[in-house]
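> Just the structure for this:
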Amino acid sequence: MNNHEGQRVVQWPTIEELTSRAPLPIGYRYTYLTKAEVPALIDSLKTWYPGIAVGNASCHMRESFYIEKVYLGESTDRDFLVTLFKFDNELAAVFSVERDVDSQVVYGRIGAISPKHRGANLSDHSYRWRRRLAAQWGWGWSTG
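Numbers count the residues shown, from 1 in each chain. The predicted structure follows:
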């Protein structure tokens, strides 16, 4: 962790770090969202989580949100991280978190699981990696 203008700057973990700290069930793997995957993710969210269209999580339905605010593999100073859970190359689930450097808290923002994968306990794994990420930084965490 570096110090930037008096604040702790923390880096998002690599996929390898995430996998070692919170392993997924056999056949599943973590990936971070890429710019090319944004339209397909938004389409999946429309189906899996239609209620997201209203309220503070509705930002997840706008491509501009991902381009401007979400870590997409390049600039680590983005405060939102969207983690995809894939089974082979199929999108099985998505979970997003927001880091608040001022309060030193990791907030769970959204979670959505494909109906085909709802029996795989992926939400438990999301909870686990969020908790371990916050602990790694010495921060608190909230489910949102």
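
> List the residue ranges of the protein that fall below the pLDDT cut-off.
1-9, 76, 144 (pLDDT under 70).

> Show me what the lengthiest strand in it is packed up against.
Across the chain, the longest stretch assigned as strand under DSSP state E is strand 90-100. Judged by 3 or more Cβ pairs under 8 Å, 6 or more residues apart in numbering; DSSP states H and E, the packing partners of strand 90-100 are helix 38-48, strand 80-87, strand 105-113, helix 122-137. Where you see a C-beta, it was placed from the backbone N, CA and C, and this is true even at glycine.

> which one of those is the most hemmed in?
Across these, averaging neighbours per residue (mean count of other Cβ atoms under 10 Å) puts strand 80-87 on top, at a mean of 22.

> which one of the helices and strands packed on strand 90-100 lies closest to Ile26?
strand 80-87 (9.9 Å; Cβ to Cβ).

> Okay, now the sheet partners of the closest one, with direction.
Partner strands and pairing direction for strand 80-87 (DSSP bridges) are strand 28-32 (antiparallel), strand 70-71 (parallel), strand 90-100 (antiparallel).

> Give me the distance from that strand to the chain's centre.
5 Å (Cα atoms, centre = their mean, to the nearest Å).

> what's the angle between that strand and strand 105-113?
40 degrees (axes from the mean of the first three to the mean of the last three Cα atoms, to 10 degrees).

> between strand 80-87 and helix 122-137, how many degrees?
140 degrees.

> What lies in contact with the longest strand of the chain?
10, 28, 33, 40-41, 44-45, 60, 70, 79-86, 105-114, 116-117, 120, 122-123, 126, 130, 133, 139 (Cβ atoms under 8 Å, 6 or more residues apart in numbering).
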